[in-house]
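1. Here is my input, please return the structure:
(one chain, ligands or ions: 1)
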Amino acid sequence: MDCDVLVLGGGPGGYPAAIRAAQLGAKVVCVEKESELGGTCLRVGCIPTKAWVQTAYAMKEAAESFAKFGVQVGEPQLDFGRANEWKDAVVNQMTSGVATLFKANGVEWVRGVGRFKDPNTLAVDGAEDVTFKSAIVATGSSPLRPPIDGIDSRLCVDSTALLAQREVPRRLAILGGGVIGCEFASIFHRFGTEVTVVEMLPRLIPMEDEDASKELAKLFQKRGIALHLEQQCKKVEERDGGLVVHFGEDQTVEADLLLVSVGRGPNVRDLGLEEIGVDLDPRKGIAADEHRRTTVPHIYAAGDCAGYWQLAHTAFREGEVAAENATGHDAVVDNRAVPRPIYTDPEVAAVGLTEAEAREQYGDDVAVGRAPWVAIARAVMQDSTTGWVKTIHETRYGELLGIVMVGAHVTDLIEAGVVAIDAEATIETVADGMAAHPTLSEAIKEAGLVGLGRPIHLPPRRRAAARA
Ligand SMILES: Cc1cc2nc3c(=O)[nH]c(=O)nc-3n(C[C@H](O)[C@H](O)[C@H](O)COP(=O)(O)OP(=O)(O)OC[C@H]3O[C@@H](n4cnc5c(N)ncnc54)[C@H](O)[C@@H]3O)c2cc1C
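-> Residues are numbered from 1 along each chain as shown. You can find the predicted model right below:
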């Protein structure tokens with residue numbers, strides 16, 4: 001089989017690349033080994049986890065807010081079987097949607113495991129070889145397992161196995177307080193599970209703005225999620241049908257399952273890449289420039305196998321850019337405004353620089369403004385006043401550098417910050433533009449006003465004299 005553009009992998013890096021290349025007139029073949037398209041994100045990542053987040057959110061609303069709103073439904077009960085049916089139906093709709101889009105765009109899907117034979121040929125297990133002019137590698141990533149005594153137990157699961165559970169564990173220990181660990185902690189605690197998080201570093205979501213990490217830890221603890229920060233897991237033992245997880249200085253926690261969520265590594269082995277001259281690092285993945293070009297000029301790479309971010313939306317964009325370059329156009333990826341959503345309760349979302357990064361780059365020429373949700377009417381009427389929005393700007397030209405948000409629905413709101421940072425907006429644009437009233441967006445404007453020292457819906461900052 002011959003084509004112009006071969007795409008290896010049908011996830012968020014691969015499927016948009018295949019569609020975009022076909023839109024640009026190329027004959028495209030996408031080789032994907034699983035029985036559904038969509039990759040980790042659609043099958044066992046973003047989509048099923050956020051379907052469970054929706055169930056968890058409904059449980060919370062029913063337990064804590066419905067009666068306040070004047071809606072009496074009684075004590076909410078989790079029907080985990082129905083929650084899984086809903087999750088599976090959403091996954092099915094999304095993955096089959098990609099197959100439909102392939103047909104509509106004339107992309108040919110070949111099912112099988114691919115491996116490069118030479119710089120212009122891919123061998124496919126169980127199918128004929130595919131020869132190509134350009135290729136886009138988008139093989140994704142897989143969960144890492146640290147070398148800890150006993151961690152090979154069948155009760156130590158990764159995110160894929162946790163998503164396949166048909167019963168809610170009574171006690172769940174989570175190794176790793178990063179994004180995936182925190183999202184599952186939040187979900188399962190709402191499902192009634194006793195949740196314990198063990199994290200080696202001093203804070204949850206360690207790459208995120210420190211205020212957001214602290215706020216999330218505070219609110220998790222208030223919810224009753226046990227956190228053990230700066231503690232290393234030493235050993236895991238199976239005992240009485242469950243697990244004993246040993247960490248720190250002789251501390252233990254008993255659990256029915258241990259989620260191992262300590263990070264993901266790129267899928268770059270056994271693809272024949274090194275043999276055809278593509279440079280790669282087994283930990284960081286394939287080396288690719290902002291055009292997504294590898295060290296072999298007609299071979300491109302997109303997504304988790306070649307990326308710093310390990311996010312679906314960075315993979316989408318990298319795939320589009322790779323496809324445009326592979327078909328003779330000139331496109332680059334701009335990473336200044338990558339949104340960083342975390343679907344915990346409360347949600348966390350950020351874009352641009354964290355406050356610490358801004359202070360590192362701009363020294364004292366940095367101002368922040370913070371608007372708490374309690375000052376925003378829509379949040380009050382939604383019974384969601386936990387958290388805040390923070391703007392970060394530099395004070396010489398007023399350029400907006402970052403936005404960090406903690407609270408309900410902030411993963412949807414962050415797009416306003418993405419557009420503002422992409423457009424190199426100033427803090428005045430954020431603060432002096434109009435936000436529809438009453439909406440949650442008003443918190444972004446108000447944070448901007450706080451940053452400029454002239455809030456309307458918050459008392460003025462106390463004067464130095466008053467503080468003295
Ligand atoms: C639990 C979880 C939750 C997540 N939630 C979010 C979220 O909310 N938002 C977000 O932005 N990101 C989220 N992510 C991350 C997101 O899923 C990934 O960043 C994204 O899937 C990366 O896309 P990709 O195309 O690079 O890789 P993948 O989605 O992994 O796709 C790679 C594809 O390549 C195929 N493949 C690999 N090797 C071969 C081969 N040799 N031959 C044929 N096919 C092959 C694989 O089968 C797979 O389908 C989450 C991840 C997890 C695990």
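2. The helix ranked longest in the chain and the ligand in contact?
-> Taking DSSP state H as the criterion, the chain has its longest helix at helix 80-105. No - interface with the ligand: helix 80-105 contributes nothing (C-beta under 6 Å from any ligand atom), its closest point being 9.9 Å away. (Glycine included, C-beta is placed from N, CA and C.)
3. Relative to the following helix or strand past that helix, what are the paired strands and their orientations?
-> Once helix 80-105 ends, the next helix or strand along the chain (criterion: DSSP states H and E) is strand 108-111. Taking DSSP bridges as the criterion, strand 108-111 forms sheet pairs with strand 28-32 (parallel).
4. circling back: got the angle between the longest helix of the chain and strand 28-32?
-> If you take axes from the mean of the first three to the mean of the last three C-alpha atoms, to 10 degrees, helix 80-105 sits at 150 degrees to strand 28-32.
5. List the buried residues of helix 80-105.
-> 83, 84, 86, 87, 90, 91, 94, 95, 98, 99, 101, 102 (16 or more other C-beta atoms under 10 Å).
6. Give me the distance from it to the chain's centre.
-> 19 Å (C-alpha atoms, centre = their mean, to the nearest Å).
7. That helix packs against which elements?
-> helix 14-23, helix 39-44, helix 46-60, strand 108-111 (3 or more C-beta pairs under 8 Å, 6 or more residues apart in numbering; DSSP states H and E).
8. Taking helix 14-23 as reference, get the angle to that helix.
-> Using the same axes, to 10 degrees: helix 80-105 against helix 14-23 is 20 degrees.
9. relative to helix 46-60, how tilted is helix 80-105?
-> 140 degrees.
10. Now the residue in the stretch 251-400 of the chain that the ligand sits nearest to: closest residue in space that isn't a chain neighbour?
-> Relative to the ligand, the nearest point of the stretch 251-400 of the chain is residue 303 (2.1 Å; C-beta to the nearest ligand atom). Of all residues not flanking residue 303 in the chain, residue 13 sits nearest, at 2.5 Å (C-beta to C-beta, 6 or more residues apart in numbering).
11. circling back to that earlier point, if I pick the residue of the stretch 251-400 of the chain closest to the ligand, what's in contact with it?
-> By C-beta atoms under 8 Å, 6 or more residues apart in numbering, residue 303 lies in contact with 9, 11, 12, 13, 14, 39, 138, 140, 314, 315, 318, 319.
12. which of those residues are close to the ligand?
-> Okay, of the contacts of residue 303 touching the ligand (C-beta under 6 Å from any ligand atom), that's 9, 11, 12, 13, 14, 39, 138, 140, 315.
13. Can you tell me which of the residues you listed are buried?
-> Among these, those classed as buried by 16+ other C-beta under 10 Å are 9, 11, 12, 13, 14, 39, 138, 140, 315.
14. now the residues you listed in a markdown table, with pLDDT?
-> Putting these into a markdown table (pLDDT from 0 to 100) gives the following:
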| residue | pLDDT |
| --- | --- |
| 9 | 98 |
| 11 | 98 |
| 12 | 98 |
| 13 | 98 |
| 14 | 98 |
| 39 | 98 |
| 138 | 98 |
| 140 | 98 |
| 315 | 98 |
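15. Using CSV, lay out the residues you listed together with distance to residue 347.
-> Formatted as CSV, those follow (distance: C-beta to C-beta, whole Å):
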residue, distance to residue 347
9, 29
11, 24
12, 20
13, 25
14, 28
39, 23
138, 28
140, 25
315, 21
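16. Those residues of the stretch 301-450 of the chain touching the ligand, which are they?
-> 303, 304, 305, 310, 311, 312, 313, 315, 343.
17. ok, now with 5 Å
-> Counting by C-beta under 5 Å from any ligand atom, the positions of the stretch 301-450 of the chain adjacent to the ligand are 303, 304, 310, 311, 312, 315.
18. Need the pLDDT of the first one.
-> At residue 303 the predicted local confidence, pLDDT, stands at 98.
19. Run through the helices of the stretch 101-250 of the chain in chain order.
-> Listed in chain order, the helices of the stretch 101-250 of the chain (DSSP state H, counting those that start in this stretch) span 159-163, 179-190, 210-223.
20. And for the stretch 351-468 of the chain?
-> Using DSSP H, counting those that start in this stretch, helices in the stretch 351-468 of the chain cover 355-362, 377-381, 410-413, 415-422, 427-432, 442-451, 464-467.
21. what's the closest non-adjacent residue to the most centrally placed residue in the chain?
-> For the chain, residue 311 is the residue whose C-alpha lies nearest the centre (C-alpha atoms, centre = their mean; 5.2 Å). In this structure, residue 311 finds its nearest non-sequential neighbour in residue 338, 7.1 Å apart by C-beta to C-beta, 6+ apart.
22. Can you give me the neighbour number for the nearest residue to residue 295 once chain neighbours are set aside?
-> Nearest residue to residue 295 in three dimensions, chain neighbours excluded: residue 279, at 4.3 Å (C-beta to C-beta, 6+ apart). Neighbour count for residue 279, taken as other C-beta atoms under 10 Å: 12.
23. Please apply the same query to residue 431.
-> The local packing of residue 431 (other C-beta under 10 Å) involves 24 other residues.
24. hang on, it packs against residue 455?
-> No - using C-beta atoms under 8 Å, residue 431 makes no contact with residue 455, being 9.4 Å away.
25. hey, what's in contact with both of these two?
-> 369, 449.
26. re earlier: so which two of the contacts of residue 303 are the farthest from each other?
-> 9 and 314 (14.9 Å; C-beta to C-beta).
27. helix, strand or coil for the residue nearest to residue 26 when sequence neighbours are not counted?
-> Spatially, and ignoring its direct neighbours in sequence, residue 26 is nearest to residue 4 (4.0 Å; C-beta to C-beta, 6+ apart). For residue 4, the assignment made with DSSP: H, G, I helix; E, B strand; the rest coil gives strand.
28. contacting residues around residue 4?
-> 21, 26, 27, 28, 132, 133, 134, 327.
29. now swap in residue 107 and tell me
-> Taking C-beta under 8 Å, 6+ apart, one finds 18, 19, 22, 28, 29, 30, 101 in contact with residue 107.
30. re the thing from before, would you list the residues of the stretch 301-450 of the chain next to the ligand in TSV and tack on secondary structure?
-> Supplementary listing: these in TSV, determined by three-state DSSP:
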residue	secondary structure
303	helix
304	helix
310	coil
311	coil
312	helix
315	helix
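31. Give me the local confidence score for the residue nearest to residue 26.
-> 98.
32. just residue 335 next, same as before
-> Reported pLDDT for residue 335: 94.
33. Same question for residue 467.
-> 41.
34. Okay, now the unreliable bits of this structure?
-> By pLDDT under 70, the low-scoring segments of the chain are 462-468.
35. For it, give the strand that spans the most residues.
-> strand 127-137 (DSSP state E).
36. Check the gap between residue 304 and residue 40 for me.
-> Going from residue 304 to residue 40 by C-beta to C-beta, to the nearest Å gives 8 Å.
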